[in-house]
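Colleague: Prediction below, plus the sequence it came from.
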Amino acid sequence: MSDALTWLEKYEQGHQKLRYPVIFWASVPMTMLGVVGILWTLPIPDEFYAISPLLNWGSAFLMVSAVYYFIISLSLAIGMLPFLLGVAALQMWLLQSEFSPLRVSCGMLLAGIIGFWLGHRGRAGPKGVVQDLQMIMIGPVWILSAFYRKLGIPI
């Protein structure tokens, strides 16, 4: 069994009987956006800026995520690239906007956590929310894998 299938099956075990799956599915990318946004706003060492003005903790997290996705599954990694690039583009836009990137990111993370709780409501409760946060990199791939299965695309 491939690494991708192992991780996806493990994630699937805790998400088979979601009370509000639509809310949960919307919460997964929202939480990822919030986490990356918070990382994006953290202070960076001067060495990061010397390499590239776009290199920060958030962009490093996205790069590590992309590498991880390519390690576990080529087809899922290719499918995740537009999402990862969209997250980076949103964060760069937020930096140029009049909105506070940190406040927007904290709001998205909070909304995502509330969505996780609602999705698990009455089933896994707070334990399920904590597990979803621990597996923040697998959640988006799990959603993409569900679309792949419906379309008949191999994982």
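Modeller: Yep, that arrived.

Colleague: can you pull the contacts of residue 110?
Modeller: residue 34 (CB atoms under 8 Å, 6 or more residues apart in numbering). All C-beta spots, glycine's among them, are computed from the backbone N, C-alpha and C.

Colleague: okay, it: pLDDT?
Modeller: For residue 110, the pLDDT comes out at 95.

Colleague: in the strand or helix carrying it, what counts as buried?
Modeller: Per DSSP states H and E: residue 110 is located in helix 101-120. For helix 101-120, the neighbour count (16 or more other CB atoms under 10 Å) marks 101, 104-105, 108-109, 111-113, 115-120 as buried.

Colleague: shouldn't residue 132 be in contact with residue 32?
Modeller: No - Residue 132 is beyond contact range of residue 32, at 10.7 Å (criterion: CB atoms under 8 Å).

Colleague: Look at those two and report which has more neighbours.
Modeller: residue 132 (26 against 23; other CB atoms under 10 Å).

Colleague: which non-adjacent residue is nearest that one?
Modeller: residue 116 (4.8 Å; CB to CB, 6 or more residues apart in numbering).

Colleague: Need the pLDDT of that neighbour.
Modeller: 84.

Colleague: what sits against it?
Modeller: Residue 116 touches 24, 27, 31, 128, 129, 132, 133, counting by CB under 8 Å, 6+ apart.
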